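Asks: Structural data only, the sequence is not supplied:
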């Protein structure tokens, strides 16, 4: 993985690994500016998730994940053309675990959004990386951010997940745990493979693992041209396009600033859910999302100050 934060202490909302891009692509998108690129990537991810929800009645949650991983794997393999020879057993073990983690993260998340609105699902998912950042930092101030996040979860649950499907909430929390694992193994993969080769190979592993599950759930429905087209759109919006935009942004934007902006994903998800899926938030849910966003941003800033202090000493 070629993102700047791949080998540092993980942040609550880290950069997703990104494929290498061409100079032509950089010139074409560079006029947006780094902040615009990050926002465009975040919007693309969340509207891709909303599109995936509309596809679920046709292909099922597992079928959508299988299509997303398969199309993304094909595109990344064609773009990156990773070298298969010359890697050790440890290298392959790392990329295989990374692929398993990626498949589990996507599978659990889509099972979640099949049951609960997109905004609350992403909010609960963000708790995984946030918890990892708090544990990695080991600063007392992070207890404040953890408390804010916990308050957000309590508000979101209505005191007991009365308005949210508890199974869907559990899937979202499981996706968050897998996201935390994704951060760890994406960093390890990035240290062992050049550019985005490890990501491409891991995506292929995840696609191969999930394809039988998608076929078992949806069968020949996956071959329907409309389903295939929508699945390819989900893959491009949720994986390929944001990876490219974020890579271009990170060439000119400090990683801590990027992480703070990525903390806004629950809000972007709630907006996409409202515009595409007509999923309106209650005042309590909006307040809960705001608390989790504030906790995520606070943890990023605390971590940034800690890293700067270590560098100065």
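Replies: Here it is on my side, so go on. This structure is a prediction, so every number in the text was calculated from the model and none was measured.
Asks: Please work out the average pLDDT along the lengthiest helix in the chain.
Replies: Ranked by residue count under DSSP state H, the longest helix found in the chain is helix 34-80. Averaging pLDDT along helix 34-80 yields 87.
Asks: ok, residues contacting the very next helix or strand once past that helix?
Replies: Moving toward the C-terminus from helix 34-80, the next helix or strand (DSSP states H and E) is helix 89-113. Helix 89-113 has contacts (Cβ atoms under 8 Å, 6 or more residues apart in numbering) with 49, 52-53, 56, 61-62, 64-65, 68-69, 121, 124-125, 168-169, 171-172, 174-175, 178-179, 181-182, 185-186, 188-189, 192-193, 198, 201-207, 209-210, 213. (Glycine included, C-beta is placed from N, CA and C.)
Asks: Of these, which belong to helices?
Replies: Taking DSSP H as the definition of helices, those contribute 49, 52-53, 56, 61-62, 64-65, 68-69, 121, 124-125, 168-169, 171-172, 174-175, 178-179, 181-182, 185-186, 188-189, 192, 198, 201-207, 209-210, 213.
Asks: what sits against residue 181?
Replies: So residue 181 contacts 101, 105 (Cβ under 8 Å, 6+ apart).
Asks: ditto for residue 70
Replies: Neighbouring residues of residue 70 by Cβ under 8 Å, 6+ apart: 207, 211, 231, 235.
Asks: what do you get for residue 55?
Replies: If you count contacts by Cβ under 8 Å, 6+ apart, residue 55 has them with 64, 227, 230, 231, 234.
Asks: Would you confirm that the last one contacts residue 68?
Replies: The one in question is residue 234. Yes - counting by Cβ atoms under 8 Å, residue 234 does reach residue 68; the two are 5.1 Å apart.
Asks: shared neighbours of these two, which are they?
Replies: residue 52.
Asks: Which of these two has more residues huddled nearby?
Replies: Shown here are residue 234 and residue 68; by other Cβ atoms under 10 Å, residue 68 has more neighbours (30 against 27).
Asks: The contacts of residue 55 into a markdown table, with extra columns for distance to residue 38 and secondary structure?
Replies: Formatted as a markdown table, those follow (distance: Cβ to Cβ, whole Å; DSSP: H, G, I helix; E, B strand; the rest coil):
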| residue | distance to residue 38 | secondary structure |
| --- | --- | --- |
| 64 | 25 | helix |
| 227 | 31 | helix |
| 230 | 26 | helix |
| 231 | 26 | helix |
| 234 | 21 | helix |
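Asks: Out of these, the closest to residue 265 would be?
Replies: Set against residue 265, the nearest of the contacts of residue 55 by Cβ to Cβ is residue 234 (16.7 Å).
Asks: That closest one and residue 199, how far apart?
Replies: According to Cβ to Cβ, to the nearest Å, residue 234 and residue 199 sit 18 Å apart.
Asks: Mind giving me the packing neighbours of the helix or strand harbouring residue 271?
Replies: Counting by DSSP H and E, the element that carries residue 271 is helix 265-277. In terms of contacts (3 or more Cβ pairs under 8 Å, 6 or more residues apart in numbering; DSSP states H and E), helix 265-277 is packed against helix 34-80, helix 118-137, helix 283-312.
Asks: which one of these lies closest to residue 270?
Replies: Nearest of the helices and strands packed on helix 265-277 to residue 270, taken as Cβ to Cβ: helix 118-137 at 3.0 Å.
Asks: Against which helices or strands is that closest one packed?
Replies: Applying 3+ Cβ pairs under 8 Å, 6+ apart, one finds that helix 118-137 contacts helix 34-80, helix 89-113, helix 141-157, helix 166-192, helix 265-277, helix 283-312.
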